[in-house]
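Novice: quick one, what's the 3D model for this:
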Amino acid sequence: MPPRLNIPPVTRVVLVVLLLQSVLSAAVRYRQWSAHSEIVVEWLTLIPQLSLFYPWTFLTATLVENNIFTLAIAGLTLYHGGRYLERAWSSREFAKFLLVASLIPNTLTFLVLVTLFTITRNESWTLTTIAGTIPLQISFLVAFSQLVPAHTVTLFRGVLSLRVPRFPLIYIGLVSVLSLTPLLTSASLLLALFGLLASWTYLRFYKTVFPDLDSSQPTSMRGDASETFAFSEFFPGPVKPFVSAITDQIFSILVAMRICTPFSQADISAAQGGNFVQRTAHGGVRAEAERRRALALKVLDQRLHAATAGTSSTSRGQSQPPNQPSGPTVQTQPQTSAQAAMTSQPSTVLGETNYNPDQDHIDKGES
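Specialist: Numbers count the residues shown, from 1 in each chain. Next up, the predicted model:
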């Protein structure tokens with residue numbers, strides 16, 4: 001029986017739409033191909049000068065790739081990233097995230113191209129094709145930076161190690177280089193920049209998160225006030241103070257304009273305490289991982305204390321002279337809690353330690 005691909009529903013729909021629209025766009029361009037003109041599909045991709053009568057292109061343009069290379073990368077990104085995020089957030093929240101990461105970058109890029117045409121009067125700006133999954137790809141990197149900010153990716157057998165929040169800027173650099181080639185259009189860099197800003201703003205201030213069932217926090221809150229998801233975390237260490245100063249000023253302006261709402265002390269405490277989880281269905285993955293990690297650390301700490309206490313009791317027993325005991329015999333004397341923990345909970349990390357007081361007294365009596 002062939003293996004069954006377990007793909008969540010929203011990710012499955014996005015992959016199918018990406019394949020169908022890309023194949024349809026390629027078929028139209030192949031049929032109308034001409035050596036003297038560039039074929040565009042204005043009712044499927046977003047062309048500022050031609051797509052005003054097709055408003056749905058602000059959404060459909062994101063799921064259209066113009067060559068097999070970018071289509072393969074988009075398919076892999078949506079398959080792996082979509083499965084992970086949809087299971088972490090639920091299908092509803094993931095669909096909302098895709099809408100934000102698609103509509104806002106496309107709209108802002110459209111406005112920038114129209115503005116450039118107004119300034120320069122160069123029609124090439126309004127004939128630039130706005131299409132591709134670049135906003136979704138960088139949005140996924142931003143989402144991973146929120147979910148696993150401390151995770152490190154090791155490349156080239158340990159030669160290069162990068163934390164996940166470093167990848168969005170690296171991706172923007174790659175898009176900048178590829179936009180100079182026929183693989184990507186000149187609008188790709190704008191899509192990457194606006195995708196980074198839109199996805200981070202949504203996750204930072206607007207996305208609804210839910211508390212762990214074991215916590216006493218309110219039923220839900222918006223945004224992520226943790227320091228690990230600050231915008232300056234995307235930049236290298238020496239640049240962070242300058243970026244933080246600039247973003248703080250911009251945030252103050254947005255708060256004054258009532259576009260953003262400042263975080264309360266309760267929101268900051270909840271984010272730092274890790275009581276809120278990103279999953280809205282089938283339990284809290286992050287909370288469960290934290291509970292298991294805390295339990296494992298607690299068990300390891302108990303075994304370390306048990307081993308330390310057992311070693312100290314052994315050294316004290318060997319330093320005392322073998323006088324006749326005045327209290328209960330060794331056979332009837334109860335074991336200490338440390339010895340019981342050592343004999344009942346062997347550890348693969350610390351090794352197994354056996355202490356037998358009877359054998360110790362027999363050896364000393366024979367000597």
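Novice: from here on, contacts and neighbour counts on C-alpha atoms
Specialist: Fine.
Novice: roughly how far does the spatially most central residue of the chain sit from residue 150?
Specialist: The centroid of the chain falls nearest to residue 144 when counting by C-alpha atoms, centre = their mean (1.7 Å). Residue 144 sits 10 Å away from residue 150, going by C-alpha to C-alpha, to the nearest Å.
Novice: shared neighbours, the two?
Specialist: Common neighbours of residue 144 and residue 150, counting by C-alpha atoms under 8 Å, 6 or more residues apart in numbering, are residue 164.
Novice: now the residue nearest to the centre of the chain: which helix or strand?
Specialist: helix 134-147 (DSSP states H and E).
Novice: repeat that for residue 99.
Specialist: helix 91-120.
Novice: please enumerate the strands of the stretch 101-250 of the chain.
Specialist: 152-155, 160-163, 208-211, 221-222 (DSSP state E, counting those that start in this stretch).
Novice: can I get these in CSV with mean pLDDT?
Specialist: Shown next, in CSV, are those (pLDDT from 0 to 100):
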stretch, mean pLDDT
strand 152-155, 83
strand 160-163, 85
strand 208-211, 68
strand 221-222, 74
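Novice: redo these as CSV? Include distance to residue 103.
Specialist: What follows is those, written out as CSV (distance: least, C-alpha to C-alpha, whole Å):
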stretch, distance to residue 103
strand 152-155, 30
strand 160-163, 29
strand 208-211, 19
strand 221-222, 21
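Novice: tell me which of the ones you listed lies nearest to residue 9.
Specialist: Between residue 9 and the strands of the stretch 101-250 of the chain, the tightest spacing by C-alpha to C-alpha is seen for strand 208-211, at 20.6 Å.
Novice: residue 27 and residue 69, how far apart?
Specialist: Taking C-alpha to C-alpha, one finds residue 27 at 16 Å from residue 69.
Novice: try residue 28
Specialist: Counting by C-alpha to C-alpha, the gap from residue 28 to residue 69 is 18 Å.
Novice: who has more neighbours out of these two?
Specialist: Counted by other C-alpha atoms under 10 Å, residue 28 and residue 69 do not tie: residue 28 has more neighbours, with 13 against 10.
Novice: C-alpha coordinates for stretch 159-170, CSV please?
Specialist: Taking C-alpha atoms only, stretch 159-170 is exported to CSV below (Å, rounded to 0.1, in the frame of the first residue of the first chain):
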residue,chain,number,x,y,z
VAL,A,159,31.3,25.3,9.5
LEU,A,160,28.4,27.7,9.7
SER,A,161,25.8,28.0,12.4
LEU,A,162,22.9,30.4,12.2
ARG,A,163,19.9,31.1,14.5
VAL,A,164,16.5,31.1,12.8
PRO,A,165,15.9,34.8,13.2
ARG,A,166,18.8,35.5,10.9
PHE,A,167,17.2,33.8,7.9
PRO,A,168,14.8,36.6,6.8
LEU,A,169,17.6,39.0,6.1
ILE,A,170,19.6,36.3,4.3
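Novice: may I see the buried residues of it?
Specialist: Buried residues in stretch 159-170, counting neighbours by 16 or more other C-alpha atoms under 10 Å, are found at 164-169.
Novice: also stretch 51-65?
Specialist: Result for stretch 51-65 [16+ other C-alpha under 10 Å]: buried residues 51, 57-65.
Novice: quick one: distance of it to the chain centre.
Specialist: Distance of stretch 51-65 from the chain centroid (C-alpha atoms, centre = their mean, to the nearest Å) equals 28 Å.
Novice: what's in contact with that stretch?
Specialist: 14, 17-19, 21-22, 25, 42-46, 71, 99, 102-103, 106-107, 130-136.
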